[in-house]
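In: Predicted model follows, preceded by the sequence.
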Amino acid sequence: MRTVTIVGASLSGLYAARELRAQGYDGRLVMVGDEPHQPYDRPPLSKDFLTGRADETHLALTDAEETGELGAEWLLGVRARALDARGRAVLLDDGRTVSTDGVVIATGASARRLPGDALAGVHTLRTLDDALALREELARGPCRVVVIGGGFIGAETASSCSSLGHWVTVVEAAPLPLVPQLGTEMAAVCAALHRRGGVDLLTGTGVAGLRGTLGVTGVALTDGRTLPADLVIVGIGASPNTSWLAGSGLALRDGVLCDDGCVTSLPQVVAVGDVARVGGSRAEHWTSATRQPRAAVANLLAGRTAETADAVPYFWSDQYGARIQFAGRRGDGDTVHIAVGELSGGAPAEGGFLARYERDGRTTAVLAVDRPRPFMRARRELSQGLR
């Protein structure tokens, strides 16, 4: 290969570039990114960055020295418009064409939106520019904030807004937030963190629409209530950025379909990160974005699937001063029990806890709240036995 193009100047895109050089690729390397920024870390956007405890320098994933060592051509602030697999080219929105021998797709995902969210005061939180705009509004003084969606982004953002002195309500359509990830019992435990943080959590009701003319004034719920709101944050998940791949010949279904090694249905094209459905599942987690590129690049350079990207799933979240960590593959029939620490009134007691999910006498997953050391030991055990 003389040219490899990475589409997506993101966390996974940067890791793919590092892997290409580490694995001996010394050809032309092109990085295409739709944002004008160099690669940055997204997890702090809803936490330290939003509250002002960190600035843009703390988000940077690379520096001038590493950028020079990578020797890449950076095409930032421009979107990929299409992939011409037959002509081996990436077509850009500004009319340019990048001829290439190999492609790494790392275009990530975009925040889902609600109808009517063009009103002033309605935000999503996915990009650095999103976070900058939201932080500016929050700095104007205490206001009524409604967070739509009780997932990790919603919970982390609600926690940050509450810590800044705002009145916060979280609206979750499901009976409890995070049930798909944690199961009903542990989801209820983590939902108690909202109450502990002074945030109202409304579950089992959806959003009928947003109220307001120029700026948002309220959130109408499907149960007939209307919540007054000065600011609304929509955290209802993300959709993989695959529209530019229409007509490319790639298999697409809620992401780019890949085998266990991140290899797509087209030769010399691999996919990593939030956009990639690897081995049947798409994981929007930091660890997936940083681990998949190693196998993906090895397979791209080999021209076949020589290495798999399989790893024990792991994610974490910081909410209301608590660190939540989860590893493994929980199933609906798993039983769960507290192995370390205890609960207090259905919420994590002081000092936190470690819970184990089990099936047929075998641990399938572990969840910890403020128990990092026991969690790391349990995670290592899973890595050795749950592959």
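Out: On my side now, so go ahead.
In: gap between stretch 118-131 and the chain center?
Out: Remark: stretch 118-131 is offset 16 Å from the chain centroid, using C-alpha atoms, centre = their mean, to the nearest Å.
In: Also stretch 292-312?
Out: Computed by C-alpha atoms, centre = their mean, the chain-centroid distance of stretch 292-312 equals 21 Å.
In: Quote the end-to-end distance of that stretch.
Out: Terminal residues of stretch 292-312 lie 12 Å apart, using C-alpha to C-alpha, to the nearest Å.
In: Now it: buried residues?
Out: 292-301, 305, 307-309, 312 (16 or more other C-beta atoms under 10 Å). To be clear about C-beta, it is placed using only N, CA and C from the backbone, and glycine gets the same treatment.
In: tell me the secondary structure for the spatially most central residue of the chain?
Out: Centroid-nearest residue in the chain, with C-alpha atoms, centre = their mean: residue 284, separated by 4.2 Å. For residue 284, the assignment made with DSSP: H, G, I helix; E, B strand; the rest coil gives coil.
In: What sits closest to residue 364 if chain neighbours are left out?
Out: residue 357 (5.0 Å; C-beta to C-beta, 6 or more residues apart in numbering).
In: Check what contacts the strand or helix carrying the one you found and list those residues.
Out: Using DSSP states H and E, residue 357 sits within strand 347-359. Defining contact as C-beta atoms under 8 Å, 6 or more residues apart in numbering, one finds that strand 347-359 is touched by 183, 186, 189, 192-193, 195-196, 322, 328, 330-331, 333-344, 363-371, 374-375, 378.
In: Can you tell me which of these end up in helices?
Out: 186, 189, 192-193, 195-196, 374-375, 378 (DSSP state H).
In: how far does stretch 346-356 sit from the chain's center?
Out: Centroid displacement of stretch 346-356 relative to its chain, using C-alpha atoms, centre = their mean, is 25 Å.
In: do stretch 267-284 as well
Out: When distances are taken as C-alpha atoms, centre = their mean, stretch 267-284 is centred 14 Å away from the chain's centroid.
In: How about stretch 70-81?
Out: Distance, centroid of stretch 70-81 to centroid of chain: 22 Å (C-alpha atoms, centre = their mean).
In: Would you mark the buried spots in that stretch?
Out: Here stretch 70-81 shows 70, 72, 75, 78-80 as buried, counting by 16+ other C-beta under 10 Å.
In: Rebuild those as JSON lines, extending it with distance to residue 114.
Out: Formatted as JSON lines, those follow (distance: C-beta to C-beta, whole Å):
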{"residue": "70", "distance to residue 114": "39"}
{"residue": "72", "distance to residue 114": "37"}
{"residue": "75", "distance to residue 114": "32"}
{"residue": "78", "distance to residue 114": "28"}
{"residue": "79", "distance to residue 114": "23"}
{"residue": "80", "distance to residue 114": "27"}
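In: Closest one of these to residue 232?
Out: Using C-beta to C-beta, the shortest approach to residue 232 within the buried residues of stretch 70-81 belongs to residue 79, at 27.0 Å.
In: Quickly check the buried residues of stretch 70-81 for the two that are furthest apart.
Out: The farthest-apart pair in the buried residues of stretch 70-81, when distances are taken by C-beta to C-beta, is 70 and 79, at 21.7 Å.
In: thinking again about what came up before, strands - which of the contacts of strand 347-359 land there?
Out: The members of the contacts of strand 347-359 that map onto strands under DSSP state E are 322, 328, 335-344, 363-369.
In: List buried residues within those residues.
Out: Using 16+ other C-beta under 10 Å as the burial test, the ones in strands among the contacts of strand 347-359 include 322, 328, 336, 338-341, 343, 363-369 as buried.
In: Fine by me, thanks again.
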